[in-house]
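> Below is the structure, and that's it, no one-letter string:
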């Protein structure tokens, strides 16, 4: 709604210092919207400028942590491209895969909050163009966005923040950007192990889980006391990941074959469907996926069976057939049976393991419970198409739903008659 009173504005401005990112996201967006809807509204400029600097400090702290962990973020697979995975999917991307992604997402969210706040303080800045071009695949357009940002006429109160934001968004080496930020911000300097231990104390449960995973995968021995304490943490994903990390370090021979929730999140992030969804938003979805091992030539489901689950291929391949005729072969990072999440109609095809296969299974009942928990059931709409290949519409759906929490996103997308995650398939 509109922010029509000073008390309402003060309440929203107070949320700019909230601990959780979602509250700060909402506050920044609300203030930017208030300025856009009522150009003459009186906003607490001093508080907004201070919040901008605080967000830039958070962003650069995340950049410093990524640098301290020694991982080149550009090496991560974030575009949903297929790749052969070992049984433990997170291992393929190195021990810093999860934490690097979480730190990058934290940096991007802080950057977006800064843009909202700048737009609220000085709407004359052409920030919509800057943001749009920063996300372009064309490096020339991204460079033009940085140049436009740097050459704009910033208000005096905001001018000290310009070099910080430029350093945050430009595509120069990370160490150079940190050096530029260090001229105004006091950034922590830690060793790799020091960063891991600091992130194990982070306020975000997901960041703690990512740090715990890194501690185990990279065998950070100094983290063992904190990992032991975290095995009693009230947050399930933290408990599970900390216990798995300890097993990696102390008793790797006893570490079970099960894929952890954190690893499931990393796997889901490798799917095109979830490439733009923040990792933290996938934790609940990962929590209801069950690991399933199927022997070669064993049926996953038979044509005519009640549709009760979706399947994601982690390792191996699955043959989809109807009446003895092969329709498709599904490989790593591909999805089949997705229509069953929302429609319990009989299966239209048979799915058989072409090789020994490891699957993740999302049961219809568990998915419905999750939808009810987030209040998404009433918002689900059925979509019908005259064309069996709604490519353009699918692309628009992906763009439109990119900022929606993952559960709503999945619920909406899996009503499409053509899967967005693999080619030439049948929803079975």
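Perfect, I can see it now. Please read all numbers here as calculations on a predicted model, not as lab measurements.

> Tell me where the model's unsure across the stretch 251-400 of the chain.
Within the stretch 251-400 of the chain, the segments meeting pLDDT under 70 span 254-258, 273, 371-400.

> any chance you could map the helices in it?
With helices called from DSSP state H, counting those that start in this stretch, the stretch 251-400 of the chain shows them at 261-269, 283-287, 364-374, 391-401.

> Grab the most central residue of this protein for me.
residue 278 (1.9 Å; Cα atoms, centre = their mean).

> Name the nearest residue to it, sequence neighbours excluded.
Once flanking residues are discounted, residue 278 sits nearest to residue 105: 5.2 Å by Cβ to Cβ, 6 or more residues apart in numbering. Placement of C-beta: from N, CA and C, glycine included.

> what's the burial count for that neighbour?
When neighbours are counted by other Cβ atoms under 10 Å, residue 105 registers 20.

> Just want the phi and psi numbers for it.
For residue 105, the backbone dihedrals (degrees, to the nearest 10) come out as phi -70, psi -40.

> any idea how far it lies from residue 316?
Distance, residue 105 to residue 316, by Cβ to Cβ, to the nearest Å: 30 Å.

> do residue 24 as well
Residue 24 sits 43 Å away from residue 316, going by Cβ to Cβ.

> what's the answer for residue 38, then?
Relative to residue 316, residue 38 is positioned 57 Å away (Cβ to Cβ).

> between those two, which one's more packed in?
Each of residue 38 and residue 316 has its neighbours counted (other Cβ under 10 Å); residue 316 has more, 20 against 13.

> any idea how far that one is from residue 222?
As for residue 316, its distance to residue 222 is 38 Å (criterion: Cβ to Cβ).

> How about residue 165?
In terms of Cβ to Cβ, residue 165 sits 35 Å off from residue 222.

> More neighbours: the two, which one.
Neighbours were counted for residue 165 and for residue 222 using other Cβ under 10 Å; residue 165 has more, 24 against 12.

> residues touching that one, list them.
By Cβ atoms under 8 Å, 6 or more residues apart in numbering, residue 165 lies in contact with 56, 111, 114, 118, 149.

> now, among those residues, which is nearest to residue 100?
Closest approach to residue 100 among the contacts of residue 165 (Cβ to Cβ): residue 111, at 16.4 Å.

> Show me the contact partners of stretch 109-122.
Applying Cβ under 8 Å, 6+ apart, the contact partners of stretch 109-122 are 16, 21, 24-25, 28-29, 31-32, 34-36, 43, 45, 48-49, 51-52, 55-56, 58-59, 62, 125, 127, 130-131, 154-155, 157-158, 161, 165, 168-169, 278.

> May I see the buried residues of stretch 23-31?
Buried residues in stretch 23-31, counted by 16 or more other Cβ atoms under 10 Å: 24, 25, 27, 28, 29, 30, 31.

> Spatially, what comes nearest to the last one if we skip its sequence neighbours?
It stands for residue 31. Closest residue to residue 31 apart from its sequence neighbours, by Cβ to Cβ, 6+ apart: residue 120 at 4.3 Å.

> so that neighbour, which of the three states?
Here residue 120 is recorded as helix under DSSP: H, G, I helix; E, B strand; the rest coil.

> Which pLDDT value does the model give it?
The model reports residue 120 with a pLDDT of 93.

> what about it, distance to residue 185?
Taking Cβ to Cβ, one finds residue 120 at 22 Å from residue 185.

> Between these two, which has more neighbouring residues?
Taking neighbours as other Cβ under 10 Å, residue 120 and residue 185 compare with residue 120 leading, 25 against 17.

> any idea how far residue 69 is from that one?
For residue 120 relative to residue 69 (Cβ to Cβ), the value is 34 Å.

> residue contacts, residue 198?
Residue 198 makes contact with 65, 188, 190, according to Cβ under 8 Å, 6+ apart.

> Low-confidence regions, the stretch 101-250 of the chain specifically.
Ranges of the stretch 101-250 of the chain meeting pLDDT under 70: none found.

> Residue 152 and residue 125 touch, don't they?
Yes - the pair residue 152 / residue 125 is scored as a contact, 5.3 Å apart, by Cβ atoms under 8 Å.

> And for the host helix or strand of residue 14, what's in contact with it?
Per DSSP states H and E, residue 14 falls inside helix 6-14. The contact list for helix 6-14, computed with Cβ under 8 Å, 6+ apart, reads 3, 27, 30, 31, 34, 41, 42, 43, 44, 47, 48, 51.

> The stretch 251-400 of the chain: strands as residue ranges?
For the stretch 251-400 of the chain, applying DSSP state E, counting those that start in this stretch gives strands covering 289-294, 299-301, 309-315, 318-322, 325-330, 335-336, 350-353, 357-363.

> Need those strands in CSV (columns: distance to residue 206 and mean neighbour count).
Formatted as CSV, these follow (distance: least, Cβ to Cβ, whole Å; neighbours: other Cβ atoms under 10 Å):
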stretch, distance to residue 206, mean neighbour count
strand 289-294, 16, 17
strand 299-301, 31, 19
strand 309-315, 20, 23
strand 318-322, 30, 20
strand 325-330, 29, 16
strand 335-336, 23, 24
strand 350-353, 32, 22
strand 357-363, 19, 21
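
> For residue 140, find the nearest of these.
Comparing the strands of the stretch 251-400 of the chain against residue 140 with Cβ to Cβ, the closest turns out to be strand 335-336 (35.3 Å).
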